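Asks: quick one, what's the 3D model for this:
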Amino acid sequence: MKFAAEKYALLMAAALCAAALPAAEPANASSRFITLGTQGGPLASAGRSQPANALVVGGDLYLIDAGDGTVGQLAKAKLTLLPLRAVFLSHLHFDHVGGLSAVLGLRNQIDAPGIVTIYGPPGTRSMVDGLLTAMVPSADAGYGVQGEPWAAPGKHVRVVEIGDGDKVELKGLTITAAQNSHYSFAAGSDVDRRFKSLSLRFDLPGRKLLYTGDTGPSPAVERLAKGADLLVAEMIDVEQTLQDVTRTRPDLSADQRQELVAHLSQHHLSPLQVGELAARAEAKALVITHLVPGRMEAAEQARYMNDIRLSFQGPVTIATDLGEY
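Replies: Coordinates of the predicted model:
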């Protein structure tokens, strides 16, 4: 059909023009790691986007988590969805996956070529199936021309669920997963089988990168991070977070507050624990992301750095959105 051909040509021309935007100066000759979003937790921030990262290797793009705002942050980083090859999800909390719908939906709308594989813990397939189902009305309507829907939403999407110890080989990359301590379900229980939180190691040409995702102290993560050239770790300030939550929810009961304290202190890393992890892993450099709370006054930053320096003496960066490493 003439309209369909013209529509496709127009879409591809627009996409290629976007792809031709000047790229940011690479921090590494063989790969670029970009912190698209660095705000952890369910509260939105005007200054930081939700957790998402871009790994660029050669001409290929990989997403590592995809929180709300991922597509817009990619645009700010001068990246498009066309070279996206895979998405890696550390776990399925909404702050880490809220932007995945836009990633898949907009790729469908521009009929981006190639298959995107989504790697994630148990439950990923069910979640993605739900997102694809939600895309059907838009795809069926297309651009509003009779008999010209967009491609079926699942046509270019594949899901692979991974777990502790699993490895993925992709075009010279090796990705290894380890179950971490962000969840503390009883071993062997139904919920333990159904839900996992993963840390991910990326062995790239020229360097080794470890992304903790959300985790508390974990010997498994320490082992996975051993010798990493770049350790990308989450971090939380428990007291500041408690103050924020109390202001938002002054009606919290004593039991609810106790449960929150247990979660924040057992399932996340304090600045002191981040430094200990980096030191035990013998990491070459440390980048801190998934900041909770996300504000970063000079006095707070100095306090965090002092705690980290008690254990780790290597280079430390507290990440900002669109930082490149």
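Asks: so where do the strands sit in the chain?
Replies: Using DSSP state E, the strands of the chain run over 31-37, 52-57, 60-66, 84-88, 116-120, 157-161, 167-170, 173-179, 198-204, 207-211, 230-236, 286-292, 316-318, 323-324.
Asks: save the ones you listed as JSON lines, and put in mean pLDDT and mean neighbour count too.
Replies: Backbone N, C-alpha and C define where each C-beta goes, glycine included. Below are the strands of the chain laid out as JSON lines (pLDDT from 0 to 100; neighbours: other Cβ atoms under 10 Å):
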{"stretch": "strand 31-37", "mean pLDDT": "97", "mean neighbour count": "25"}
{"stretch": "strand 52-57", "mean pLDDT": "98", "mean neighbour count": "24"}
{"stretch": "strand 60-66", "mean pLDDT": "98", "mean neighbour count": "25"}
{"stretch": "strand 84-88", "mean pLDDT": "98", "mean neighbour count": "22"}
{"stretch": "strand 116-120", "mean pLDDT": "98", "mean neighbour count": "22"}
{"stretch": "strand 157-161", "mean pLDDT": "98", "mean neighbour count": "16"}
{"stretch": "strand 167-170", "mean pLDDT": "97", "mean neighbour count": "13"}
{"stretch": "strand 173-179", "mean pLDDT": "98", "mean neighbour count": "20"}
{"stretch": "strand 198-204", "mean pLDDT": "98", "mean neighbour count": "23"}
{"stretch": "strand 207-211", "mean pLDDT": "97", "mean neighbour count": "23"}
{"stretch": "strand 230-236", "mean pLDDT": "97", "mean neighbour count": "26"}
{"stretch": "strand 286-292", "mean pLDDT": "97", "mean neighbour count": "25"}
{"stretch": "strand 316-318", "mean pLDDT": "97", "mean neighbour count": "18"}
{"stretch": "strand 323-324", "mean pLDDT": "98", "mean neighbour count": "16"}
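Asks: can I get the ones you listed in TSV with distance to residue 188?
Replies: Shown next, in TSV, are the strands of the chain (distance: least, Cβ to Cβ, whole Å):
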stretch	distance to residue 188
strand 31-37	34
strand 52-57	32
strand 60-66	27
strand 84-88	26
strand 116-120	21
strand 157-161	18
strand 167-170	24
strand 173-179	13
strand 198-204	18
strand 207-211	27
strand 230-236	26
strand 286-292	29
strand 316-318	38
strand 323-324	40
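Asks: so for residue 250, which of those sits nearest?
Replies: For residue 250, the closest of these is strand 286-292, at 19.4 Å, according to Cβ to Cβ.
Asks: from the contact counts, what lies against the closest one?
Replies: strand 31-37, strand 230-236, helix 271-281, helix 298-309, strand 316-318 (3 or more Cβ pairs under 8 Å, 6 or more residues apart in numbering; DSSP states H and E).
Asks: to residue 220, which of these lies closest?
Replies: Minimum separation from residue 220 across the helices and strands packed on strand 286-292 (Cβ to Cβ) falls at helix 271-281, 11.4 Å.
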